[in-house]
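Participant: Sequence and predicted structure, then a few things I'm wondering about:
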Amino acid sequence: MLKDITLSKGISGHEAGCSRVVKKYLEGHVDEIGYDNLGSIFGVQKGNGKGSQPAPKVAIFGHMDEIGFYVREIEDCGYLRVVPAGGHWTHVLLDQEVLVTTREGKEIYGVLGFVPAHGLAPEVAKTVKDLDELYIDIGVCDKQEAEDAGIRIGDMVSLKTDFVEMENPNYLCSKAWDDRVGVAIAVDVVRQLTSAEHYADVYAVGSTQEEVGLRGAKTAAYTVCPDIGIAIDSTYARDVPGAKYGTNLGSGVTLSVMDGSVIGNRELIYYMEDICKECGIDFVYDLFLRGGTDSGEIHKTGSGIVNMTLSIPSRYIHAHRAIIHRKDYADTVSLLVEFCKRVDWDLVNKFRASNR
Ligand SMILES: [Zn+2]
């Protein structure tokens, strides 16, 4: 499931390739599957709410969109110029592989090109190129040939990477762990709850357009209208040379206190910590002043939604290849399954009263 979800193609605004995979893994484990009008998908597994009172709703969000590009121009010589969807670091773009998806759904292989260093003045060779200076080479002789292949302005360009279980198979390398790992966790939690008793209705939400400004989470949160909304997203890995922030791969659960878009609900964070201690799940804390996740929109929906973020440390996020650790995935799923089993109105009200 992780491989299928992470290798599906879906840049911001083009998430259908991912949501179809999500739908496949939700089917048979949820009572209902729905969408909002920006393409976010949700699957709900109804709880056994007591009596006539409606059950509280817990929604777990992962954003389906990955960073990529849109075709801006097809040059006369057949090279493609692109604009970014989401944040790219041009240091890591040169010579990487991409796939251009045409309107008809055909996938065309390309590489991000630039003049080799031998042909450049030494001072130019040392500089990092802007995205404007790079181009995609699909291996055609001119514009006509590119158009005959089906390429049009506005086509999606996604990063091309293999899924690899690394030397220590707990380390998984693939594209788009930001945030397909969150999507997979949301789906996995609902799947694992299939045979469990739970009072609350539990929603797995795959949101859209996070990388371009948390856009899909806004409409998805409005549509689902949860009582508790939890976003799962990537954070920086600290265990790489030169890193100052983030958490180490294999730490277990990462409880995010705050980032540039949200301050988590205090009681909810404490409660998550309590479950970890009770169940022997390893956990660490993380906090940032920058960045943002779906939580940044979720918590501001309506009159406010009880919310926090759980992070998955990922090496090399926003590059072609990122690396995560199975333990962080598995521990986060275990915590959320246990949490969802416990949610009732008393708990929701306790979280709501957090700052009173
Ligand atoms: Zn993300």
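Facilitator: Good, I have the coordinates. Residues are numbered from 1 along each chain as shown.
Participant: which bits of the stretch 151-300 of the chain sit near the ion?
Facilitator: Contacts of the stretch 151-300 of the chain with the ion, taken as CB under 5 Å from the ion, map to D178, D179, D233. To be clear about C-beta, it is placed using only N, CA and C from the backbone, and glycine gets the same treatment.
Participant: rerun that using 8 Å as the cut-off
Facilitator: D178, D179, G182, E210, E211, D233, S234, T293, D294 (CB under 8 Å from the ion).
Participant: In helices only, show me the residues you listed.
Facilitator: Counting by DSSP state H, those place D178, D179, G182 in helices.
Participant: Serialize these to JSON lines and add fields for neighbour count and pLDDT.
Facilitator: Converted to JSON lines, these look like this (neighbours: other CB atoms under 10 Å; pLDDT from 0 to 100):
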{"residue": "D178", "neighbour count": "27", "pLDDT": "95"}
{"residue": "D179", "neighbour count": "30", "pLDDT": "96"}
{"residue": "G182", "neighbour count": "33", "pLDDT": "98"}
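Participant: Low-confidence ranges, this protein, go.
Facilitator: The chain contains residues with pLDDT under 70 at 49-52.
Participant: Show the residue spans covered by the helices in it.
Facilitator: With helices called from DSSP H, the chain shows them at 2-7, 16-26, 122-125, 143-148, 177-192, 215-224, 266-279, 295-298, 326-342, 345-352.
Participant: Tell me which residues are up against the second one.
Facilitator: Translated: helix 16-26. 1, 4-5, 8-10, 33, 35, 39-41, 43, 64-66, 101, 180, 183, 187, 190-191, 204, 206 (CB atoms under 8 Å, 6 or more residues apart in numbering).
Participant: and it with helix 177-192, angle?
Facilitator: Helix 16-26 runs at 20 degrees relative to helix 177-192, counting by axes from the mean of the first three to the mean of the last three CA atoms, to 10 degrees.
Participant: How about the longest one?
Facilitator: Going by the same axes, to 10 degrees, helix 326-342 is angled at 40 degrees with respect to helix 177-192.
Participant: so how far is helix 326-342 from its chain's centroid?
Facilitator: 17 Å (CA atoms, centre = their mean, to the nearest Å).
Participant: can I have that helix written out in PDB, keeping just the CAs?
Facilitator: Only the C-alpha atoms of helix 326-342 are listed here, as PDB (Å, rounded to 0.1, in the frame of the first residue of the first chain):
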ATOM      1  CA  ARG A 326       9.000   1.900   9.200                       C
ATOM      2  CA  LYS A 327       8.900   2.300  13.000                       C
ATOM      3  CA  ASP A 328       7.700   5.900  12.800                       C
ATOM      4  CA  TYR A 329       5.000   4.800  10.400                       C
ATOM      5  CA  ALA A 330       3.900   1.800  12.500                       C
ATOM      6  CA  ASP A 331       4.100   3.600  15.900                       C
ATOM      7  CA  THR A 332       2.000   6.500  14.600                       C
ATOM      8  CA  VAL A 333      -0.600   4.100  13.200                       C
ATOM      9  CA  SER A 334      -0.700   2.300  16.600                       C
ATOM     10  CA  LEU A 335      -1.200   5.500  18.500                       C
ATOM     11  CA  LEU A 336      -4.000   6.700  16.300                       C
ATOM     12  CA  VAL A 337      -5.800   3.300  16.300                       C
ATOM     13  CA  GLU A 338      -5.700   3.400  20.200                       C
ATOM     14  CA  PHE A 339      -6.800   7.100  20.200                       C
ATOM     15  CA  CYS A 340      -9.700   6.500  17.900                       C
ATOM     16  CA  LYS A 341     -11.000   3.600  20.100                       C
ATOM     17  CA  ARG A 342     -11.100   5.900  23.100                       C
END
